[in-house]
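[1] sequence below, structure please.
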Amino acid sequence: MAIEEEMVAGEGTAVTANQTTNDTEAFENKLRPTDFSGYIGQGEVKQNLQVFLTAAKNRGEVLDHTVFYGPPGLGKTTLAMILADSMKTQLRVTSGPALEKPGDLASILSNLQEGDFLFIDEIHRLRMPVEEILYTAMEDFAIDLVIGKGPSARTMRLNVPRFTLVGATTQFSKLSNPLRDRFGHVEKLRFYEDGEIGQIITRSAGILEIKIDSEATEILARCCRRTPRIANRLLRRMRDFAEVVHDGKITKKVVIESLKNLSIDVQGLDFSDQEYLKTLCEKFNGGPAGLSTLAAAIGEDEATIEDVIEPFLIREGFMQKTPRGRMATDTAFMHLGLSELS
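    Predicted coordinates:
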């Protein structure tokens, strides 16, 4: 298919303008802050971005291309929206997997307005032919198109409006060097402190008109894995239990009972995490144990253990990977109320 045909086919299919497609997105968008004053946490990142924004405005330029990286749920999409609002421009949203052909991206770029922001989530998953279109677009604000096939093929350069690309990725190392080097700003988002998560819960409860006391907020904040997305999700579940089982207000008792029903403990470990730790500590005396052995023991596939279960447990100091296998730490034994076995 010629690139012109791809552009027509791709136009309007891979990009949305802050659209919501389901209740979860609508819920998250309702809680997203619209400016830096309402964005809690990430102090250094916010300070840097405000300086860069002010400098770009004073010079009458577009903001340099920016990439945010870090674990999911820390606010990368929200920051992209705040940047666009701060510059009084439109934000166009798409994702790496959605851009299947070079024509998809070319269509989006050619339809941008001067100063617009293009946000690409999971940018590390861009296909190489699509990514190569970005190189000249980011540097020269132009895209090189190949028209036709075979001996009659010819190239054409199409200018695009000056824009700002904002990328988000959970796997920064998977960005190719040519793409990574074209970003003017690279910002890493860190995990939140319990106090910051508590502020986010309080803010979200106010927006949703949920009654929650301070003790409940404090307990809930410790169970959110220091991630705002999880905090808002658990707040939603607490509201359900409070309205159906209790009198509507989220209290300490409501949180404790609800977390028990959800199989989430005081440190935020869910059923899979607890099962993994109990198996490692009780069946294998704290290790070392091999990944395949643990996977068979708890009935999970190895990829789920490595990518979903273990990162949080390692970060919180419950286990460690060694050349001999997985080993539980003293913290894990204490958390489970077990005596360390020899």
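
[2] what stretches of the stretch 1-150 of the chain score poorly on pLDDT?
    For the stretch 1-150 of the chain, residues meeting the criterion pLDDT under 70 lie at 1-28, 148, 150.

[3] which residues of it fall in helices?
    Along the stretch 1-150 of the chain, the segments classed as helices by DSSP state H, counting those that start in this stretch run 3-10, 23-31, 43-59, 76-86, 102-110, 128-140.

[4] pick the most deeply packed of those.
    Most buried of the helices of the stretch 1-150 of the chain, by mean neighbour count (mean count of other CB atoms under 10 Å): helix 102-110, with a mean of 24. Where you see a C-beta, it was placed from the backbone N, CA and C, and this is true even at glycine.

[5] okay, angle between it and helix 128-140 too, please.
    Per axes from the mean of the first three to the mean of the last three CA atoms, to 10 degrees, the angle that helix 102-110 makes with helix 128-140 is 30 degrees.

[6] need the helices of the stretch 1-150 of the chain in CSV (columns: distance to D247).
    Output for these, formatted as CSV (distance: least, CB to CB, whole Å):
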stretch, distance to D247
helix 3-10, 52
helix 23-31, 23
helix 43-59, 38
helix 76-86, 33
helix 102-110, 50
helix 128-140, 53
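
[7] which among the ones you listed is found nearest to M327?
    helix 76-86 (33.0 Å; CB to CB).

[8] so what does the closest one touch, helix or strand wise?
    helix 43-59, strand 66-69, strand 91-95, strand 117-121, strand 164-169 (3 or more CB pairs under 8 Å, 6 or more residues apart in numbering; DSSP states H and E).

[9] give me the sheet partners of the second one and which way each runs.
    In the sheet, strand 66-69 lines up against strand 164-169 (parallel), strand 185-188 (parallel) (DSSP bridges).

[10] is D301 in contact with A295, as I believe?
    Yes: the criterion here is CB atoms under 8 Å, and D301 meets it with A295 at 6.2 Å.

[11] please tell me how far the most centrally placed residue in the chain sits from P129.
    For the chain, the residue lying nearest the average C-alpha position, counting by CA atoms, centre = their mean, turns out to be P72 (2.8 Å). Counting by CB to CB, to the nearest Å, the gap from P72 to P129 is 26 Å.
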